[in-house]
Each structure stands twice: as C-alpha cells, then as structure tokens.
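Student: heads up, no residue letters with this:
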C-alpha cells in the first residue's frame, strides 16, 4: 500500500502525527521448545462429552471406574 489513506484528512493526520508510538520487536515464530511446552500444557477435551452431554459424563466416568476392575478381576484370580 503506497498511498497514504490520511492524505485528504489534514486535521486527523495532525492529531495522529502528534503521537509517537514505539512498537517493540516481538519474535514472529515461537521456539520449538515453547511450542512443545504449550502443546503439553494445553487442556485436553473429554471425548465422551459430545456423545452424552455434561450431565451424563460424571455417571459414565464413575461407572467405568467401577466396571473396568470388575472385568479384570477374573483375569487376576486365575491360578
């Protein structure tokens, strides 16, 4: 964009020229370690929630905590 959009607006240009803004130089690309850290610390979504809704998620989670050990119990008791 080579044209000045404020060329016709003299009063606005004077007001904008009255302020001097220093924009700090931020790195455009994050480091590999920073991206990995952000990935590892990002919150995980519950894969069961869209299927059952928020009310049933606790019920399903609790029933899975009870059902899995009961299903594994015969395997552990084999002589």
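Tutor: Yep, it's here. For clarity, every value in this text was computed on a predicted model and none was experimentally measured.
Student: just the helices in the chain please.
Tutor: Using DSSP state H, the helices found in the chain span residues 10-17, 32-41, 49-52, 54-76.
Student: closest to residue 24 out of these?
Tutor: Closest to residue 24 of those, according to C-beta to C-beta: helix 32-41, at 17.6 Å. Quick note: C-beta positions are derived from backbone N, CA and C, even for glycine.
Student: where does the prediction get shaky in this protein?
Tutor: 1-2, 48-49, 51-57 (pLDDT under 70).
Student: dump the helices of the chain into CSV; add mean neighbour count and distance to residue 23 as well.
Tutor: Below are these laid out as CSV (neighbours: other C-beta atoms under 10 Å; distance: least, C-beta to C-beta, whole Å):
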stretch, mean neighbour count, distance to residue 23
helix 10-17, 10, 15
helix 32-41, 9, 21
helix 49-52, 11, 42
helix 54-76, 10, 43
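Student: okay if I get the ones you listed as JSON lines plus distance to residue 25?
Tutor: As requested, the helices of the chain are exported to JSON lines (distance: least, C-beta to C-beta, whole Å):
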{"stretch": "helix 10-17", "distance to residue 25": "22"}
{"stretch": "helix 32-41", "distance to residue 25": "17"}
{"stretch": "helix 49-52", "distance to residue 25": "42"}
{"stretch": "helix 54-76", "distance to residue 25": "44"}
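Student: among the ones you listed, which comes closest to residue 3?
Tutor: helix 10-17 (13.3 Å).
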